[in-house]
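[1] whatever this is, show me its structure:
(one chain, ligands or ions: 2)
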Amino acid sequence: MLTKNTELKSLLKDPTLLETRAYVGGQFVDGDKGTFVVTNPARGDVVAEVADLSRAQVAGAIAQAEAAQKDWAKWTGKERANVLRKWFDLMMENQDDLGIILTAEMGKPLAEAKGEIAYGASFIEFFAEEAKRIYGETIPGHQRDKRITVLKQPIGVAASITPWNFPNAMITRKAGPALAAGCAFVARPAELTPLSATALAVLAERAGIPAGVFNVVTTSDAPETGLEFCENPAVRKLTFTGSTPVGRLLLRQAADQVMKCSMELGGNAPFIVFDDADLDAAVEGAIMCKFRNNGQTCVCANRIYVQAGVYDAFAAKLKEAVAKMKVGDGLEDGVQFGPLINDKAVEKVEAHLADAQAKGAEIILGGTPSELGGSFFQPTIVTGATTDMQFSTEETFGPLAPLFKFEDEDEVIAMANDTIFGLASYFYAKDLSRVYKVAEALEYGIVGVNTGIISTEVAPFGGVKQSGLGREGSHHGIEDYLEMKYICMSV
Ligand SMILES: NC(=O)C1=CN([C@@H]2O[C@H](COP(=O)(O)OP(=O)(O)OC[C@H]3O[C@@H](n4cnc5c(N)ncnc54)[C@H](OP(=O)(O)O)[C@@H]3O)[C@@H](O)[C@H]2O)C=CC1
Ligand SMILES: O=C(O)[C@H](O)CS(=O)(=O)O
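    Ligands and ions are numbered 1, 2, ... in the order given. Prediction:
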């Protein structure tokens with residue numbers, strides 16, 4: 001357990017993975033603006049002081065990336081695949097240390113953190129393979145003397161801005177396809193969780209990724225860094241994961257350069273339990289879907305709809321199962337709930353809870369901060385949820401499970417789709433006709449059927465409506481880092 005006096009390095013097999021400098025042009029560098037502090041959400045103690053780069057230093061990283069990208073694009077897909085595969089191997093060899101660093105800065109239980117390392121590494125493994133399969137095409141000429149060929153070429157320098165909740169996987173889900181495509185990459189991790197990113201840089205260097213191809217700029221001024229990414233003409237691609245309001249802002253800023261953007265934004269996932277569902281499976285799925293990362297994922301169930309005939313039984317089963325789960329320091333064995341990322345996150349959960357209670361909801365489990373103090377909060381279940389309550393339209397991003405009752409398919413599909421978001425959705429049912437009809441009717445980029453966990457590198461992850469633009473993962477994921485060109489030749 002990381003107490004106030006435990007040196008994080010003492011927990012690591014390889015202490016050099018705890019890197020507090022930024023990584024620019026193949027060099028670990030200090031910040032012109034000094035440092036910013038990273039704290040452990042479980043204890044509030046200082047984990048590290050990290051280099052705080054100026055906007056000029058960020059611009060310098062972009063320039064280094066632009067220079068390095070020209071040679072990197074000349075490598076064959078197979079050559080790029082080999083170094084990416086080595087990077088993947090190093091991540092998995094150092095999974096324990098990377099997990100400890102992630103838990104120390106973000107708070108998620110160590111088992112989940114190690115799971116994120118494997119999930120994040122899977123994108124590097126997958127796109128190492130895709131690097132060898134970036135195919136063009138030949139098209140029959142439109143005239144007898146014309147020959148048409150289509151090339152796919154790397155877009156150039158890609159810049160990424162990522163959130164604190166998956167500080168490893170949200171970077172590799174972007175860097176994997178970018179580097180496989182022959183792009184150079186400048187990553188700006190969240191101020192709260194930069195250490196997972198700098199550890200990735202340590203391993204990138206060891207894997208033989210050339211200087212300047214992968215860069216990590218650690219900064220405390222996100223808006224200033226975002227403006228540099230959007231205004232610097234050398235950046236041809238912006239990839240963002242985070243809230244919809246910030247996504248909108250970045251799109252507006254990037255519009256001046258007509259920059260190619262990928263947006264993985266907020267969610268408001270419905271989780272629907274029909275009366276023909278396997279209730280035990282639905283309870284298990286609801287727990288994994290709602291409480292993964294303490295509810296701090298964009299694909300967590302935000303609204304749980306249960307058909308009237310099974311509502312009471314489902315609520316009782318869910319309460320019984322969640323009541324057995326342990327809240328504590330993520331580095332302790334057997335902990336399922338770590339702290340929320342900060343007090344602001346606790347305040348949002350409490351605000352949604354107070355609003356719901358004021359409108360008639362009943363708390364059947366939890367409902368107050370944990371006796372552990374800090375940003376620990378008890379997993380909470382409320383019944384009597386209605387569509388006028390804040391959590392019906394706003395993402396809670398915490399361990400609060402609201403149970404809504406519904407009568408029939410049409411009613412629940414209408415409620416589920418009544419949101420500006422469209423990222424993930426889930427439902428449990430056995431009748432095949434119902435499964436097809438409901439899956440087709442849900443307006444979301446992802447539909448989980450009889451499962452609460454849908455995250456994988458082999459599928460095209462992404463949202464519709466105001467949950468985002470583009471897809472990450474699957475063979476589709478590399479397209480956003482490629483430009484298509486056709487050559488029309490007279491023969
Ligand atoms: N669709 C998806 O895959 C995901 C969506 N999300 C969504 O993001 C939210 C939670 O994450 P959270 O980190 O609070 O979201 P934010 O959008 O506040 O932050 C995301 C990232 O953007 C940075 N940022 C904030 N403001 C600006 C700005 N003006 N210009 C440039 N960068 C900026 C943040 O920096 P800093 O933190 O340093 O201020 C952080 O690195 C939730 O709504 C969640 O649903 C989260 C993860 C995945
Ligand atoms: O940041 C997130 O919430 C992730 O996109 C969720 S997932 O990819 O780990 O499912």
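
[2] quick check: residue 409 touching residue 437?
    Yes: counting by Cβ atoms under 8 Å, residue 437 is a contact partner of residue 409 at 7.0 Å. C-beta coordinates here come from the backbone N, C-alpha and C atoms, glycine included.

[3] show me the contacts for the residue nearest the centre of the chain.
    Centroid check for the chain by Cα atoms, centre = their mean gives residue 170 as the closest residue, at 4.4 Å. Residue 170 makes contact with 162, 163, 241, 264 under the criterion Cβ atoms under 8 Å, 6 or more residues apart in numbering.

[4] just checking, the last one touches residue 240?
    It stands for residue 264. Yes: counting by Cβ under 8 Å, residue 264 touches residue 240, with 7.0 Å between them.

[5] quick one: contacts for residue 165?
    Taking Cβ under 8 Å, 6+ apart, one finds 106, 293, 296, 297, 298, 341 in contact with residue 165.

[6] tell me the pLDDT at residue 3?
    pLDDT recorded at residue 3 is 54.

[7] the one 10 residues further on now?
    The predicted structure scores residue 13 at 97 on the pLDDT scale.

[8] test for you: state the pLDDT assigned to residue 412.
    For residue 412, pLDDT reads 98.

[9] what's the answer for residue 7, then?
    84.

[10] what do you get for the one 10 residues further on?
    Residue 17 is assigned 98 on the pLDDT scale.

[11] surely it and residue 98 touch.
    Yes: counting by Cβ under 8 Å, residue 17 does reach residue 98; the two are 6.8 Å apart.

[12] OK, contacts around residue 469?
    261, 262, 263, 462.

[13] could you tell me which of the residues you listed belong to helices?
    Applying DSSP state H to the contacts of residue 469, no entry is found in helices.

[14] now for the residues you listed, which sits with the most neighbours around it?
    Per-residue neighbour counts (other Cβ atoms under 10 Å) across the contacts of residue 469 peak at residue 462, which has 25 neighbours.

[15] I figured that one was touching residue 265, is that so?
    No: using Cβ under 8 Å, residue 462 makes no contact with residue 265, being 9.5 Å away.

[16] picking that back up, and ligand 2, which of the contacts of residue 469 contact it?
    For ligand 2, no contacts are drawn from those by Cβ under 6 Å from any ligand atom.

[17] which among those residues gets closest to ligand 2?
    Nearest to ligand 2 among the contacts of residue 469: residue 462, at 9.4 Å, using Cβ to the nearest ligand atom.

[18] chain neighbours aside, what residue packs nearest to that closest one?
    In space, and not counting its chain neighbours, residue 462 is closest to residue 471: 4.0 Å by Cβ to Cβ, 6 or more residues apart in numbering.

[19] what ranges do the helices span in the stretch 301-450 of the chain?
    Secondary structure of the stretch 301-450 of the chain (DSSP state H, counting those that start in this stretch): helices located at 311-323, 343-358, 409-417, 432-441.

[20] list the buried residues for the lengthiest helix in the chain?
    Scanning the chain for the helix with the most residues, using DSSP H, yields helix 110-130. Across helix 110-130, burial judged by 16 or more other Cβ atoms under 10 Å covers 110, 112-128, 130.

[21] hang on, the earlier thing: mutual contacts of residue 462 and residue 265, please.
    Contact criterion Cβ under 8 Å, 6+ apart; residues shared by residue 462 and residue 265: 423, 468.

[22] hang on, the earlier thing: residue 235 is nearest to which of the helices of the stretch 301-450 of the chain?
    Closest approach to residue 235 among the helices of the stretch 301-450 of the chain is made by helix 343-358 (29.9 Å; Cβ to Cβ).

[23] phi, psi for residue 211 please.
    Listed backbone geometry of residue 211 is phi -50, psi 130, with angles given as degrees, to the nearest 10.
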